[in-house]
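> here is my input; please provide its structure:
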Amino acid sequence: MLMRSLFISGISSNRFLLIPSLRLLSFLSKPDRSYLFNVDRNIVLHGILKKTFYDQFCAGETLEETHACVQKFKKLGFKGFILTYAKEVVLDQSTKDGTGLEEEVNVAKATDQPDKYIEHWRTGTLQTMKQIGSGDILAIKISGAGPSVTDALAKRSLPPAEMFAALDEIATQAQQNNIRIIVDAESQHFQDAIAATALELMRKYNRNGFALIYNTYQAYLKSTPSVVQQHLSEAEKGGFTLGLKVVRGAYIMSEERSLIHDTKQDTDNAYNSIVQGALRLQYGDFGPSRPHPFPSLNLLVASHNRDSVLSAHRLHQGRVKAGLPTVPVIYAQLHGMSDEVSFSLLREKGGNGMPPDVYKCSTWGTMGECVGYLLRRAPALASFDNYIACVRSTNSKNRLAEQFPTLYKNGSLTISQGPEDTVKAASTSDVIILGVDPADVEATMKKAGLSSALKSKLLISVAAGWTRESLESMIPTANPEAGSERTWVLRTLPNIAALASQSLTAIEDPHPDMPVKYLNIASAIFSQIGRTIQIAPRLMPATTAVGGSTPAFFAVICDAMIDASVAVGVPRAQAQEMIYQSMRGTAEMLQGGLHPGLLKDQGTSPEGCTMAGLMVLEEGAVRGTVGRAVREAVTVSRLMGTGADLHVNDTRQNGRKE
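Down below sits the predicted model:
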């Protein structure tokens, strides 16, 4: 298994191997291939795919293989397993071709013996259910039921009566066996009708606060927030429990691009907003002090994004500990992907000392049926393959080599020392991160040959005080006239917490014409060291201080508390441990949704020691002093730039202190 993982990682991390592999999978996914290229009939081709991609991401081709895979994951500590039958139809919006349809079937003319296809799907789905047990989850793909169903879905109509009879049989058996059902999201060509079908099933089966049926909501679609609100309204009016499974989305290679958010950050924001809104029982028009009460809801957080998953779990735990209302929640990741996220969750403990409910999701079916599934998952595997670090000192070079020994030894990481190597490194890279001291930016950008090396590339700046416009003014190709050779500049601001992978990196809204892929690349890079947030240019100076200066402010406050503890007899090491842990716990409770004022009140009794200390803080005007320190830092940050964006609440006006 280790060698297979390394093989898959090697392909997915090298674009020269990944792109041809994706094209090959796309070619093989078509149903009308000759024997030579038929993945089910050609035993050599079948064997190669089976021992590589299939075994990495799929549960099995037979009932026996699938059952063994399910049991393996349960032994690893997962609460349960999510299993789906691979047969589905994926419609490519650019060609209108349907992957998964048999040769003689056409989306527009699929009327021949519809019962045969529905029966085949029903049988396969019931067989799938037999591979899992009580507490597990069955995921279904409605388009897999054949031409009469896909024809209805394409017309935004509910499936035919035969299909609803099959769905009722499956739901009834699932209910009897304590198995929940996920209605998977599919191509947008079918999705409106699929969502309507899921709602009909929820109205019938989701009662008494328990969701037997979950619908899947793809956060990368611009329409999803409004769809979630519509379904909350249906649940509130119909008195049923909404089963809410939230994913980012998996059909980006076949969907119409205009339906999808312009940036990854927009998708992240939509995803986190839906999940956290559900956990807080506040979303859109629903919740306390809003037009409509929040309906009964069960949540399934399905994501490979570590930040989204852990933030959701900690928010949920924070609300449980604080006695605040929330919803039942479970978590899931795909078989063969993001195991580190799954096991990070399993290491988390709740108030009862138990980990959260974490599931692994996989599919089973013939090789031909699973190729489309593999193709949809492939975009999530892409990453960088080589890195070049330009450093000034031998100490820096040695430190990097020690920190990343594997990358350094296998040649994936090259460390260049000396200013003369900067241009060479830029010329051989696709993405360049400008990480020099702000005072050295101009000299660096004016190096001979650097402008030419930056043509057709992305330059990401982490240099404080330098606006995108000021950097672009030093790059001849950073303008529309450069055409295909244009250099794209993106301004970012990580903070010192990146050393602990807890940075909040601000990414400035880019030039409107910047390709979306570049913003996605930047988000992917900085997500490795914490969280990212997209910021309007006018807020970047303030963000420099609010995100960049506050770690130092917290350090001063900690240092004062430690010294005071030592002064009253507490050993310094113990004082440090107590105060650091107290600060960390406080941060997690606040990130979990607990209001600072409420946290303060919950930890304070009227005549206790905490109240006595709080009164000293108030008498010393600490609240106002801390607030002024933040305002002063923001003001100076603005003055370091153009100084043209001063705010009425800045501490200096016209450059002079108040």
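
> could you use CA atoms for every contact and neighbour count after this?
Noted.

> let's test this: name the helix or strand in this protein with the lowest mean pLDDT.
Sorting the helices and strands of the chain by mean pLDDT, DSSP states H and E puts strand 90-92 at the bottom, at a mean of 42.

> gap between residue 61 and residue 450?
Here residue 61 is placed at a distance of 54 Å from residue 450 (CA to CA, to the nearest Å).

> what about the helices in the stretch 401-550 of the chain?
Taking DSSP state H, counting those that start in this stretch, the helices of the stretch 401-550 of the chain run over residues 405-409, 421-427, 441-445, 450-453, 468-472, 516-526, 540-548, 550-567.

> would you mind putting those into TSV with mean pLDDT, distance to residue 618 and mean neighbour count alongside?
Output for the helices of the stretch 401-550 of the chain, formatted as TSV (pLDDT from 0 to 100; distance: least, CA to CA, whole Å; neighbours: other CA atoms under 10 Å):
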stretch	mean pLDDT	distance to residue 618	mean neighbour count
helix 405-409	79	51	13
helix 421-427	86	53	18
helix 441-445	90	43	14
helix 450-453	90	55	18
helix 468-472	91	42	16
helix 516-526	81	39	18
helix 540-548	87	23	22
helix 550-567	94	15	14
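
> so which of the ones you listed is nearest residue 311?
If you check each of the helices of the stretch 401-550 of the chain against residue 311 by CA to CA, helix 516-526 wins as the nearest, at 16.9 Å.

> restricting to C-alpha, output the closest one in PDB.
The C-alpha coordinates for helix 516-526 follow below in PDB (Å, rounded to 0.1, in the frame of the first residue of the first chain):
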ATOM      1  CA  VAL A 516      -8.600  32.300 -11.300                       C
ATOM      2  CA  LYS A 517      -6.000  29.600 -11.200                       C
ATOM      3  CA  TYR A 518      -3.400  32.000  -9.900                       C
ATOM      4  CA  LEU A 519      -5.500  32.900  -6.900                       C
ATOM      5  CA  ASN A 520      -6.200  29.300  -6.300                       C
ATOM      6  CA  ILE A 521      -2.500  28.600  -6.300                       C
ATOM      7  CA  ALA A 522      -1.800  31.300  -3.800                       C
ATOM      8  CA  SER A 523      -4.600  30.000  -1.500                       C
ATOM      9  CA  ALA A 524      -3.200  26.500  -1.700                       C
ATOM     10  CA  ILE A 525       0.300  27.600  -0.800                       C
ATOM     11  CA  PHE A 526      -0.700  29.700   2.200                       C
END
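
> against which helices or strands is it packed?
Helix 516-526 is packed against helix 264-280, with contacts defined by 3 or more CA pairs under 8 Å, 6 or more residues apart in numbering; DSSP states H and E.

> next, the angle from the helix it packs on to helix 516-526.
Taking axes from the mean of the first three to the mean of the last three CA atoms, to 10 degrees, one finds helix 264-280 and helix 516-526 inclined to each other by 60 degrees.

> let me see the contact set for the residue most central in space within the chain.
Among the residues of the chain, the one closest to the centroid is residue 305, at 3.6 Å (CA atoms, centre = their mean). Listed by CA atoms under 8 Å, 6 or more residues apart in numbering, the contact set of residue 305 reads residue 341.

> also residue 359?
78-82, 330-333.

> also residue 312?
With contact taken as CA under 8 Å, 6+ apart, residue 312 is in contact with 275-276, 279.

> and these, which is closest to residue 231?
Residue 231 lies nearest to residue 275 out of the contacts of residue 312, by CA to CA, at 14.6 Å.

> relative to residue 270, which of the helices of the stretch 401-550 of the chain is closest?
helix 516-526 (14.9 Å).

> for the closest one, which outside residues touch it?
With CA under 8 Å, 6+ apart, helix 516-526 has contacts from 262-265, 458, 460, 494, 505, 507, 510, 532.

> repeat that for stretch 274-284.
Applying CA under 8 Å, 6+ apart, the set of residues contacting stretch 274-284 from outside is 225, 229, 246, 287-288, 294, 297, 299, 301, 312, 315-316, 325-327, 593.

> out of the residues you listed, which end up buried?
225, 229, 246, 287, 294, 297, 299, 301, 312, 315-316, 326-327, 593 (16 or more other CA atoms under 10 Å).

> how is the chain divided into domains?
Following automatic domain parsing, one gets these domains for the chain: 59-364, 419-540, 550-657.

> quick one, whichever strand or helix holds residue 225 and helix 264-280 angle?
Assigned by DSSP states H and E, residue 225 falls within helix 224-238. Put simply, helix 224-238 runs at 20 degrees to helix 264-280, going by the same axes, to 10 degrees.

> and helix 224-238, what other elements does it pack with?
Secondary elements touching helix 224-238 (3+ CA pairs under 8 Å, 6+ apart): helix 188-205, strand 213-218, strand 242-247.

> between those, which gets nearest to residue 128?
Closest approach to residue 128 among these (CA to CA): strand 213-218, 16.3 Å.

> each with direction, which strands does that closest one pair with?
According to DSSP bridges, strand 213-218 forms sheet pairs with strand 180-183 (parallel), strand 242-247 (parallel).

> what mean pLDDT does that strand get?
In this model, strand 213-218 has an average pLDDT of 97.

> setting aside sequence neighbours, what's the nearest residue to residue 472?
With CA to CA, 6 or more residues apart in numbering as the criterion, residue 472 has its nearest non-adjacent residue at 5.4 Å, and that residue is residue 478.

> residues contacting the one you found?
Residue 478 neighbours (CA under 8 Å, 6+ apart): 472, 486-489.

> same thing but at 10 Å, please
By CA atoms under 10 Å, 6 or more residues apart in numbering, the contact set of residue 478 is 451, 454-459, 469, 471-472, 485-489.

> that's all I had, so thanks and see you.
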